[in-house]
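A.B. asks: Build the 3D model from these lines:
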Amino acid sequence: GQAEGCGADGRASAWLPDPGRFRGGVLAERSGSRQARGAVRLPCRPMVGPHRPRMLRAAVMSSSLPLIAVLNGPNLNMLGLRQPAIYGRATIDDVEQLCAEAAEQLGLAIDFRQTNGEGELISWVQECRGRAAGIVINPAGYTHTSVALMDALLTTDLPVIEVHISNIHRREAFRHHSYVSQAAVGVICGLGVRGYALALSAMADLLLEGSP
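C.D. replies: Residues are numbered from 1 along each chain as shown. As a prediction, this is how the structure comes out:
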């Protein structure tokens, strides 16, 4: 389903497929693939400052579908402008739409967010405990620096999939180490923005199987 966005600066968007159009529980299976039709966009709250969206909780209350937090770190709001030879031409809005479409097909609800602040990102992770079924995260620059983010992810006791648009292992040496990987069940890197859709598909499989 298509829906209007909340704006590029400090975004918080929640998408969920219409649960009335699903059959047979949280994740519907049909002919070997998950099917979903129709999506409901939850209303966005006003921004309270640059890169400081208020938390949206309606997704949990409005749907029994598993909620996946899709969290994005610093400078990803500049996608499409920042080093397109490395990160491509897709914008953060394109990534959000890609995730919404993938979630619709997988029978997932998503809460898509981006921030430039380390503390805010950590707070979002903490609030996933007891609220979300899993976390897909592109920590961006905090991948290589933030022990605090790693600790927050470990504290959630949720399955975490780490995503990078570029192949961090083919870049500068300082990018080769990831603190976040210590908390992740899997890492997808180097496949461009399609890595987000792959991460959501993998997350859906983990939830079906019962995540470790």
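
A.B. asks: Of all the helices and strands in the chain, which has the lowest average confidence?
C.D. replies: Between all helices and strands in the chain, the lowest mean by mean pLDDT, DSSP states H and E belongs to strand 29-30, at a mean of 31.

A.B. asks: Which stretches in this protein count as helices?
C.D. replies: Taking DSSP state H to define them, one finds helices in the chain at 58-62, 84-87, 92-106, 118-128, 147-156, 194-209.

A.B. asks: weakest of these by average pLDDT?
C.D. replies: Considering the helices of the chain one by one, the lowest average pLDDT is found for helix 58-62, at a mean of 40.

A.B. asks: ok, now which ones touch the nearest residue to residue 179 once chain neighbours are set aside?
C.D. replies: Leaving aside its sequence neighbours, residue 179 sits nearest to residue 150 (CB to CB, 6 or more residues apart in numbering; 4.2 Å). To be clear about C-beta, it is placed using only N, CA and C from the backbone, and glycine gets the same treatment. In this structure, residue 150 makes contact with 179-180, 182-183, judged by CB atoms under 8 Å, 6 or more residues apart in numbering.

A.B. asks: Pick out whichever of those sits closest to residue 128.
C.D. replies: Out of the contacts of residue 150, the one with the shortest distance to residue 128 is residue 183. That distance is 12.0 Å, counting by CB to CB.

A.B. asks: Could I get the helices of the chain in JSON lines, plus columns for distance to residue 139?
C.D. replies: Putting the helices of the chain into JSON lines (distance: least, CB to CB, whole Å) gives the following:
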{"stretch": "helix 58-62", "distance to residue 139": "22"}
{"stretch": "helix 84-87", "distance to residue 139": "15"}
{"stretch": "helix 92-106", "distance to residue 139": "15"}
{"stretch": "helix 118-128", "distance to residue 139": "7"}
{"stretch": "helix 147-156", "distance to residue 139": "6"}
{"stretch": "helix 194-209", "distance to residue 139": "13"}
